[in-house]
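1. Provide a 3D model corresponding to the input given below.
(one chain, ligands or ions: 1)
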Amino acid sequence: MSATPLARLIAGLITEAGPISLTHYMALALGHPRYGYYMTRDPLGTAGDFTTAPEISQMFGELIGLWLADTWLRQDRPAPFVLAELGPGRGTLMSDILRATQSVPGMHQSLEVHFVETSPSLREAQAKAVPQAHWHPSIESLPRRPLFLVANEFFDALPITQYQRTDRGWCEVHVGLAEGATMDEPAFIRVLAPMALPNDDILAPDVRNAPIGAIAEISPPSRAITEEIAHHILERGGAALIIDYGHPKSAAGDTFQALKAHEFVDPFAEPGEADLTAHVDFEALSQAALAGGGVVHGPVEQGDFLKELGIDLRAKTLKAKATPEQAAEIDAAMTRLTDANEMGSLFKVLGITPRGVSLPVGF
Ligand code: SAH
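-> Reported below is the predicted structural model:
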């Protein structure tokens with residue numbers, strides 16, 4: 001197998017300056033402006049590498065739309081407001097949200113759609129689905145207005161930093177070149193930084209005391225973005241819904257993974273050609289949201305959340321007008337979204353609202 005252009009580039013960096021951090025490796029593999037995974041393709045759907053909830057069924061986006069409308073109504077319909085999505089993929093979720101909320105009095109007249117997206121090819125797809133959207137490279141430039149925000153499978157794509165516990169303490173995981181590897185045939189391996197973390201209080205207390213050999217993960221950009229969103233909501237009003245696969249409590253473990261054509265592959269094999277992700281630490285996100293001044297709801301499991309919002313009823317309504325084949329598809333989609341053996345338990349939902357507003361539905 002010939003090396004990808006990005007594999008050569010990374011091998012060059014390592015040859016010149018020594019191993020790079022796993023954080024740097026993940027950021028390059030996903031976001032390198034020319035060769036990064038998200039910069040060069042549409043990774044979604046059956047022909048791509050993975051499928052997400054909004055691509056499985058319109059019911060997902062419709063129910064999220066109702067949640068957003070309900071939280072907007074409970075805050076006395078702030079206007080004008082920003083309806084934002086982080087990492088909108090093909091724009092499917094937002095177009096379902098907009099369709100489902102069309103008849104909410106005053107809502108569409110008050111909102112402006114804003115997308116945070118780095119991928120040029122996905123921005124194109126989003127522009128077809130939601131032509132009126134405004135785009136941003138990061139959350140910093142979102143307008144300073146009440147903010148109603150959703151992020152589905154966005155945080156799992158943000159770089160993580162990994163540490164391994166050794167008898168010297170917690171050492172950062174780096175990526176180096178295997179023995180005998182060349183620029184033309186690079187082979188990457190995990191190596192450990194020689195120096196241990198001088199201060200391990202960036203790790204959760206339970207994780208810090210994990211046994212020798214354990215892996216710990218943190219995602220500083222995920223924390224920073226969540227804190228910023230909570231702060232924005234505290235100052236201007238609004239709400240956020242973060243949906244992703246992950247764990248409710250911080251725990252030791254290696255969740256760094258790569259998906260290609262719906263199969264798990266070696267994350268070091270073809271940088272830029274596979275989707276690299278890590279499970280989301282919802283306890284860390286909750287703490288970041290609290291630090292930003294937000295009120296945190298959940299995390300709850302996606303299956304419970306969607307049932308609480310009425311997915312059974314929505315499926316029944318859709319099936320009333322469906323052919324038998326379509327009805328079977330609706331049932332299959334509902335199972336995929338809510339069943340504990342599918343996405344129902346692994347995926348979690350976290351809500352953030354300002355102080356002093358009534359509890360949002362679903363939690
Ligand atoms: N939310 C969509 C797509 C999930 S894939 C869905 O549920 O179908 C991840 C999305 O996040 C893609 O749109 C990707 O281009 C975007 N993305 C990944 N890293 C990003 C970053 N650092 N900044 C902004 N967008 C990013």
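2. enumerate the residues of the stretch 151-300 of the chain near the ligand.
-> Contact residues (C-beta under 6 Å from any ligand atom) of the stretch 151-300 of the chain with the ligand: 152-154, 157-158. (C-beta placed from N, C-alpha, C; glycine too.)
3. contacts only, for the closest residue to T71 other than its chain neighbours.
-> Among residues not flanking T71 along the chain, A239 sits closest, at 4.2 Å (C-beta to C-beta, 6 or more residues apart in numbering). For A239, the contacting residues are 68, 71-72, 75, 148-149, 233, 351-354, 360, by C-beta atoms under 8 Å, 6 or more residues apart in numbering.
4. and the helix or strand where F148 lies, what does it pack against?
-> Using DSSP states H and E, F148 sits in strand 147-152. Applying 3 or more C-beta pairs under 8 Å, 6 or more residues apart in numbering; DSSP states H and E, one finds that strand 147-152 makes contact with helix 58-74, strand 81-86, helix 92-100, helix 220-236, strand 238-247.
5. let's test this: mean pLDDT of the fourth one, rounded?
-> Per-residue pLDDT values across helix 220-236 average out to 98.
6. now stretch 247-257
-> 97.
7. residues contacting it, please?
-> Outside stretch 247-257, the residues that reach it (C-beta under 8 Å, 6+ apart) are 22, 26, 160, 162, 204, 206-207, 210, 214-217, 264, 267, 276-284, 299, 348.
8. end-to-end on that stretch?
-> 15 Å (C-alpha to C-alpha, to the nearest Å).
9. confirm Y163 sits in a helix?
-> No - read with DSSP: H, G, I helix; E, B strand; the rest coil, Y163 is strand and lies in no helix.
10. just give me the neighbour total for it.
-> Neighbour count for Y163, taken as other C-beta atoms under 10 Å: 27.
11. wait, A127 sits on A133?
-> Yes - here A127 reaches A133: they are 7.0 Å apart, a contact under C-beta atoms under 8 Å.
12. so what's in contact with those two at the same time?
-> Joint contacts of A127 and A133 (C-beta under 8 Å, 6+ apart) are G91.
13. those two: who's more crowded?
-> A direct count of neighbours by other C-beta under 10 Å for A127 and A133 places A133 higher, at 22 against 14.
14. now the helices for the protein?
-> Assigned by DSSP state H, the helices in the chain fall at 5-17, 22-31, 53-56, 58-74, 92-100, 107-110, 120-129, 205-208, 220-236, 282-291, 302-308, 311-320, 324-338.
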